[in-house]
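Student: this one's structure only:
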């Protein structure tokens, strides 16, 4: 009862495709990727500025 079968995942994917359409999903994933890159850049900038301040 706790796990989903392949049929459940197929139905979920079909519903997502119906709601968002085929063109909207790549745009959403691209925006998500840009957000992750910006977050990583911000974290690395904080780490480099923090190490410079400790010297």
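Tutor: Perfect, I can see it now. No experiment lies behind these values; they were computed from the predicted model shown.
Student: Okay, the spatially most central residue of the chain and residue 24: tell me how far apart.
Tutor: Centroid check for the chain by C-alpha atoms, centre = their mean gives residue 32 as the closest residue, at 4.4 Å. Between residue 32 and residue 24 the computed distance is 12 Å (C-beta to C-beta, to the nearest Å). From N, CA and C alone the C-beta is placed, and that goes for glycine too.
Student: any idea of the mean pLDDT for stretch 31-38?
Tutor: For stretch 31-38, the mean pLDDT works out to 94.
Student: Any figure for the gap between the residue nearest to the centre of the chain and residue 26?
Tutor: As judged by C-beta to C-beta, residue 32 and residue 26 stand 11 Å apart.
Student: go on, residue 18?
Tutor: In terms of C-beta to C-beta, residue 18 sits 16 Å off from residue 26.
Student: now residue 8, what's its secondary structure?
Tutor: Recorded secondary structure, residue 8: helix (DSSP: H, G, I helix; E, B strand; the rest coil).
Student: just residue 44 next, same as before
Tutor: Of the three states, residue 44 takes helix according to three-state DSSP.
Student: Show me the contact partners of stretch 3-23.
Tutor: Contacts with stretch 3-23, where a contact means C-beta atoms under 8 Å, 6 or more residues apart in numbering, come from 25, 28.
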